[in-house]
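*Asks:* need a 3D model of the sequence below.
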Amino acid sequence: MTSNNDKTTSILLQLSVLSQYFIPLGNIVFPVLIWSIKRKESSFVDKNGKQVINFQLSLLLYCLVIVLIAIPIILYSAFHNNTFIIENCEWIVKEFNSGRITGIIATVVVSVILFTVLKVLEFCLVLYAAVKNSNGESYKYPITINFIK
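*Replies:* A predicted model of the protein is given here:
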């Protein structure tokens, strides 16, 4: 049986992820802080702390992959086979046509959509995990890489 103190700590652990909207990297710092303080006192808090930290690290990795794929594509689309000349102290780009602009915009739109889907999914899953923890149940996040076992 899980005590009310353990449930409350686990709920706080889950909801501390939402601090990212006010404090940069708060979604990683606060769960790690709470988990490191309370993990030895309760196996319930320990298990849920590992889950939330693994989930946040996984999301960080997914966002980095999106950025690392999108930026080179955008740069390649913008600068491939372009001629830059200086005329009257102004940069002029030749060969920059609507096809390139469309490629850049498409890459940006797809990246923003993927990032938005990840953030909405994160928000919903964090709230769902907090509700599960309030009922004394552990929650295993989907799409999570187990960095901490």
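*Asks:* check which helix or strand Y139 maps to.
*Replies:* Under the assignment given by DSSP states H and E, Y139 is not contained in any helix or strand.
*Asks:* oh sorry, the question was meant for Y141
*Replies:* For Y141, there is no host helix or strand (DSSP H and E).
*Asks:* that one touches F55, doesn't it?
*Replies:* Yes: counting by C-beta atoms under 8 Å, Y141 touches F55, with 4.0 Å between them. (Glycine included, C-beta is placed from N, CA and C.)
*Asks:* any common contacting residues for these two?
*Replies:* Common contact partners of Y141 and F55 (C-beta atoms under 8 Å, 6 or more residues apart in numbering): L125.
*Asks:* which of the two has more residues huddled nearby?
*Replies:* A side-by-side neighbour count of Y141 and F55, using other C-beta atoms under 10 Å, places F55 first with 27 against 18.
*Asks:* any buried residues in the helix or strand that one falls within, and which?
*Replies:* Under the criterion of DSSP H and E, F55 resides in helix 43-79. In terms of neighbour count (16 or more other C-beta atoms under 10 Å), helix 43-79 has its buried residues at 44-46, 48-59, 62-63, 66, 70, 73-74, 77.
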